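Participant: From the sequence below, what's the structure:
(one chain, ligands or ions: 1)
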Amino acid sequence: MSGLTIKDLRVVFDGFVAVGGVDLAVPAGDVRFIIGPNGAGKTTLVDAVTGLVKATGSVTFDGHELLGRKVHRIARLGIGRTFQTAAVFEELTVLQNLDIAAGWSRSPLSLLRKRTAVPPEVAEALETVGLAAVSDKLAGTLAHGQKQWLEIGMLLVQNARLLLLDEPVAGMSQSERDATGELLGRLATDRTVVVIEHDMDFLRRFARTVTVLHAGRKLSEGTVAEVQADPRVQEVYLGH
Ligand code: ADP
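Facilitator: Numbering: from 1, shown residues only. Modelled structure (predicted):
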C-alpha cells in the first residue's frame, strides 16, 4: 500500500512500555489525526517513525521499511516532521529559509552554482503554504502561524511525502487555524499527513479520521463523532 503502514509497533524505555503494539494505516492522500491524553505515546510513535527511538514491529512508507534505518536515511525517504516550536532561521528571509532547506536535499555542488531565479520547488512551496506575498520578509518578523507554515514549506522543498506535524495549530489565532486546516487538505492531495492535535474544535472542523491513543495502545479510531461517542474514550478523557 502506498502511504504509511504501522504494524505492532512497540517502544520500550528501560522496561516501561511507551508504545505497546500499535497498528496504524494512513493511505497516501489522507490526513490522520492522532489524539490522546498526556503520556499516551503520541510523540514516541512519531519518534519511532522518524528513527529517533528504537522500536520493534514494522513501519513502512510507500513500501520501504523504516525501522532500523538511521534518522537521515529516513528523512531521505521523504519523511518530514515539525515540532511544536517552529525551527526557522529568524535572521533570514522566508525565501532564504526555503532555499537553504532545498539545498539540504540537493547535491553540495549545486550550492556553489550561481543562480538568479527562484528554484521551481521553492516557488511551489511558497504558493502551497501561502507565503508568496511575504517571501522577502525576515522569518523572525513573521506571525506565529506563518512561522509554522514556513517550517512546513521547508519540508516540502526537501520532497517530504509523509508529513508528521506536532500540534500545528497550538497558539494560533482563529484565522490562522482556518488557513492551516485548508493547508492540510492541500498537503494531502498527493502526500500522507499525520497530525498530533488536541484542539477539538479544529478536529471537528477538519478531521475525517481520528486515532485515539491511550497508555501506548490504540483505544479507538473513526470519525470525530464516532470516537467522541466511544465510551472508552469518554472514560479516559472524563475520568471514571
Ligand atoms: P504523548 O506524546 O502522548 O504525551 P509520549 O510519547 O511523550 O506521550 O510519552 C509516552 C510515555 O513514555 C510517557 O509516560 C513518557 O513519560 C514516556 N517516555 C517518553 N520518552 C521517554 C524516554 N526517553 N525515556 C523514558 N520514558 C519516556
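Participant: only C-alpha atoms for contact and neighbour calcs from this point on.
Facilitator: Noted.
Participant: and the most centrally placed residue in the chain, what are its bridge partners?
Facilitator: Central residue of the chain (C-alpha atoms, centre = their mean): L164, 1.8 Å from the mean position. L164 has these beta-bridge partners by DSSP bridges: R81, V194.
Participant: so what pLDDT did it get?
Facilitator: With respect to pLDDT, L164 has a value of 98.
Participant: Spit out the contact partners of it.
Facilitator: 46, 79-82, 193-196 (C-alpha atoms under 8 Å, 6 or more residues apart in numbering).
Participant: Okay, it and V118: tell me how far apart.
Facilitator: 27 Å (C-alpha to C-alpha, to the nearest Å).
Participant: ok, of the contacts of L164, which come out buried?
Facilitator: Buried members of those, scored by 16 or more other C-alpha atoms under 10 Å, are 46, 79-82, 193-196.
Participant: and the residues you listed, which two are the farthest apart?
Facilitator: I79 and I196 (15.5 Å; C-alpha to C-alpha).
Participant: And the nearest residue to A101 once chain neighbours are set aside, which helix or strand is it part of?
Facilitator: With C-alpha to C-alpha, 6 or more residues apart in numbering as the criterion, A101 has its nearest non-adjacent residue at 5.4 Å, and that residue is M154. Using DSSP states H and E, M154 sits in helix 144-156.
Participant: just checking, what packs against that helix?
Facilitator: strand 79-82, helix 94-104, helix 120-129 (3 or more C-alpha pairs under 8 Å, 6 or more residues apart in numbering; DSSP states H and E).
Participant: what separates it from the chain centre, distance-wise?
Facilitator: Relative to the mean C-alpha coordinate of its chain, helix 144-156 is positioned 11 Å out (C-alpha atoms, centre = their mean, to the nearest Å).
Participant: got it, and stretch 44-61?
Facilitator: 14 Å.
Participant: Can you give the contact residues for that stretch?
Facilitator: Applying C-alpha under 8 Å, 6+ apart, the set of residues contacting stretch 44-61 from outside is 2-12, 18-19, 21, 65-71, 74-75, 79-81, 162, 164.
Participant: Mind checking which of those residues are in strands?
Facilitator: 3-12, 18-19, 21, 65, 79-81, 162, 164 (DSSP state E).
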